[in-house]
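Engineer: Sequence first, predicted coordinates after that:
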Amino acid sequence: MHRRFTVPGAVAAASLLLAIPASAASFSPGAPGIGDPYYPYYGNGGYDVSHYDLRLTYQPATDELSGTATISARTTQDLSSFDLDFLLDVDEVRVNGVTARFTTSGEHELVVTPRQPLAEDTPVTVVVRYHGVPSTKSAYGFTTWHRTPDGAVAADEPESAWWWFPSNDHPGDKATFDVSVAVPDGTQAISNGTLVSTSSQLGWTRYNWRQNKPQATYLTTLALGRFDITTGTSEGGVPVINAYSKDLGDNDGAARASVERTGELVDWLSGYFGPYPFDSAGGYVPNTTTGYALETQTRVYYSPAQFANGSNTSVVVHELAHQWYGDSVSVKGWKDIWINEGFARYAQWLWSEHEGEGTTQQLADYVYASHPADDPFWTVKPGDPGVDHQFDAAVYDRGALAIQALRNEIGDTAFFRLLKGWPQQHAYGNASVADFVTYAEQVSGKPLAALFDTWLFQPVKPAAPAARAASFAASPAGVEQPRSWKKIEATNDVHGR
Ligand code: TRP
Ligand code: ZN
């Protein structure tokens, strides 16, 4: 209750206002989307979430998920109703303790109408009690809920929350999380952050996970199944929690040989990006048939397929680089995806050089030379690729090439200061490509608009930079493939989806 309502006159005035239809007209429905042109219905308008508390129960045998989500938010406008993004079956919604009307709309909207409209800039607590079988739900004809022989996994981009918790599903509204899930004894529940506690009762074990730093909804993950959990601490002091499905078969050894290096690689990346931004690091390898990896915050999702050809530290470097570039500093809108993928790819190039498998410049030369000018590769603008090309190879490879071009332009001193400064500048927040350009100009003291326009925003192959022109002219397609190339490229195989 707010102090202004303790004045009796104000209480009377407030209830009077609510009773007069003319003034109620200032209360309007929150928008069904947060305003991202790539995905008009992702996220919602009218409120800002600070914390999600999910208290769930999952039965692997039947894929039944049930429980409550308690959402702590603040209104950003006068609201007569508001949306959440969600697909499961809702039993009850309460707003500030009082039951509210709700209905579904569109592909994934849950429309909540509180009994009393909500005034702008006030705290609001929304409790959603729900149940359902996530694998039976789809939106736009797809699902991102992956069943496994022993459970299920929620990990996808740019959406995965709809199948397991109601949310304001857009990276523009980050929040902290408590994810508590009860599973039958013998099954584990893996999520983000640290494992605060577990408790056992009547054949069920409850796992209580906490993420105490802001986290985007698509970076919130849940894995249910039979896992072997390992813990440790990196030399630099970062606690590491990893989990491996007990059924990885032939991929088990290579998966562990890769993911168990998380602590070492977090410390190595800290040398380039600054202090690790979260309270723990790690990854998990569930028993899925998908092909990709995903930078789920503090607990990276790895497909077993990433390790089918042997150990792969390159994919681990990519996903850990996202903890700074993508997770701590998140996109403002999905068009800003280059800030995530360009830099995660560039981290793999740095690792390649460190491992003696090709320098960053060799990798840049190879990307440049291996795509002729008429290759559609060059029609994708990494700085604004469009919704249908958001995760194209060009966003990664041309994206990293742009970073090498920037480095060559501003020199190593400014470049590495920039690489480390950016995650500090926008820690735990959101930033756009335009923000990056501004910051790069600030740090380097050079005008860079033309350089970024050429490498990120023109749908054509840029002219070879002067310093490289001679070697390209001599042998346009003859640049040798760096030894790290194939492993690096396998990282963004999102076709298993
Ligand atoms: N961001 C992921 C990576 O680069 C790749 C990715 C894109 C992805 N779209 C996805 C992963 C959909 C899972 C699902 O590591
Ligand atoms: Zn990535």
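Structural biologist: Thanks, I have the structure now. Ligands and ions are numbered 1, 2, ... in the order given.
Engineer: which other residues reach stretch 222-229?
Structural biologist: 58, 60, 148, 150-155, 164, 179, 181, 183, 186-191, 241-247, 284, 286-287, 301 (CB atoms under 8 Å, 6 or more residues apart in numbering). For the C-beta atoms, the positions are set from N, CA and C on the backbone; glycine is no exception.
Engineer: One more: stretch 200-215?
Structural biologist: With CB under 8 Å, 6+ apart as the criterion, stretch 200-215 contacts 57, 174-185, 187-199, 220, 277-279, 297-298, 327-328, 428-429.
Engineer: who's in contact with the nearest residue to Asp83 once chain neighbours are set aside?
Structural biologist: Leaving aside its sequence neighbours, Asp83 sits nearest to Asn44 (CB to CB, 6 or more residues apart in numbering; 4.2 Å). For Asn44, the contact set (CB under 8 Å, 6+ apart) comprises Gly30, Ala31, Pro32, Gly33, Ile34, Phe82, Asp83, Leu84, Asp85, Glu109, Asn168.
Engineer: Serialize the residues you listed to a markdown table and add fields for neighbour count.
Structural biologist: As requested, those are exported to a markdown table (neighbours: other CB atoms under 10 Å):
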| residue | neighbour count |
| --- | --- |
| Gly30 | 24 |
| Ala31 | 16 |
| Pro32 | 19 |
| Gly33 | 20 |
| Ile34 | 23 |
| Phe82 | 27 |
| Asp83 | 28 |
| Leu84 | 28 |
| Asp85 | 27 |
| Glu109 | 20 |
| Asn168 | 27 |
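Engineer: can you put the residues you listed in TSV and add pLDDT, distance to ligand 1 and secondary structure?
Structural biologist: Shown next, in TSV, are these (pLDDT from 0 to 100; distance: CB to the nearest ligand atom, whole Å; DSSP: H, G, I helix; E, B strand; the rest coil):
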residue	pLDDT	distance to ligand 1	secondary structure
Gly30	98	27	coil
Ala31	97	25	coil
Pro32	98	23	coil
Gly33	98	20	coil
Ile34	98	19	coil
Phe82	98	28	strand
Asp83	98	23	strand
Leu84	98	22	strand
Asp85	98	17	strand
Glu109	98	22	strand
Asn168	98	20	coil
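Engineer: near ligand 2, which of those residues show up?
Structural biologist: Among the contacts of Asn44, no residue sits close to ligand 2 (CB under 5 Å from the ion).
Engineer: which residues does the one residue in the chain that gets nearest to ligand 2 contact?
Structural biologist: Ligand 2 sits closest to Ala344 of the chain, with a gap of 4.2 Å, by CB to the ion. Applying CB under 8 Å, 6+ apart to Ala344 gives the contacts Glu295, His318, Glu319, Ala321, His322, Tyr325, Gly326, Tyr396.
Engineer: likewise Asp173?
Structural biologist: Ile34, Gly43, Asp48, Val49, Thr217.
Engineer: looking at this, Asp267 is in a strand?
Structural biologist: No. Per DSSP: H, G, I helix; E, B strand; the rest coil, Asp267 lies outside any strand segment and is helix.
Engineer: For Val443, see how far away the nearest residue to Lys174 once chain neighbours are set aside is.
Structural biologist: Here the nearest residue to Lys174 in space, its sequence neighbours aside, is Pro214; by CB to CB, 6+ apart that works out to 3.7 Å. According to CB to CB, to the nearest Å, Pro214 stands 24 Å off from Val443.
Engineer: of those two, who's got more company?
Structural biologist: Pro214 (23 against 20; other CB atoms under 10 Å).
Engineer: which stretches of the stretch 351-497 of the chain have low pLDDT?
Structural biologist: 469-478, 493-497 (pLDDT under 70).
Engineer: now the closest residue to Asn287 other than its chain neighbours: how far from Gly97?
Structural biologist: Once flanking residues are discounted, Asn287 sits nearest to Ser245: 4.0 Å by CB to CB, 6+ apart. Counting by CB to CB, the gap from Ser245 to Gly97 is 41 Å.
Engineer: try Asn44
Structural biologist: Asn44 sits 21 Å away from Gly97, going by CB to CB.
Engineer: repeat for Ala154
Structural biologist: 29 Å.
Engineer: Equivalent analysis for Thr57, please.
Structural biologist: Where Gly97 is concerned, Thr57 sits at a distance of 23 Å (CB to CB).
Engineer: The two: who's more crowded?
Structural biologist: Using other CB under 10 Å, the more surrounded residue of Thr57 and Gly97 is Thr57, with 17 against 7.
Engineer: The helix or strand containing the more buried one - which strands sit beside it in the sheet, and in what orientation?
Structural biologist: In the assignment (DSSP states H and E), Thr57 maps to strand 47-59. Its sheet considered, strand 47-59 pairs with strand 64-75 (antiparallel), strand 175-184 (parallel) by DSSP bridges.
Engineer: after the shortest one comes which helix or strand?
Structural biologist: Scanning the chain past strand 175-184 towards its C-terminal end, the next helix or strand to appear is strand 188-190 (assignment: DSSP H and E).
Engineer: Can you give the distance of the next helix or strand after that next one from its chain's centre?
Structural biologist: Next along the chain after strand 188-190, taking DSSP H and E as the criterion, comes strand 194-201. Centre-to-centre, strand 194-201 and its host chain are 25 Å apart (CA atoms, centre = their mean, to the nearest Å).
Engineer: buried ones in strand 194-201?
Structural biologist: Thr194, Leu195 (16 or more other CB atoms under 10 Å).
Engineer: now do stretch 266-275
Structural biologist: Buried-residue list, stretch 266-275, by 16+ other CB under 10 Å: Val266, Asp267, Trp268, Leu269, Ser270, Tyr272, Phe273, Gly274.
Engineer: For it, output the C-alpha coordinates as CSV.
Structural biologist: The C-alpha trace of stretch 266-275 is given here as CSV (Å, rounded to 0.1, in the frame of the first residue of the first chain):
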residue,chain,number,x,y,z
VAL,A,266,36.0,-18.7,-18.5
ASP,A,267,39.3,-17.5,-17.0
TRP,A,268,40.9,-17.3,-20.4
LEU,A,269,38.0,-15.2,-21.8
SER,A,270,38.1,-12.9,-18.7
GLY,A,271,41.5,-11.8,-20.0
TYR,A,272,39.7,-10.3,-23.1
PHE,A,273,36.3,-9.4,-21.8
GLY,A,274,36.9,-8.5,-18.1
PRO,A,275,35.6,-10.2,-15.0
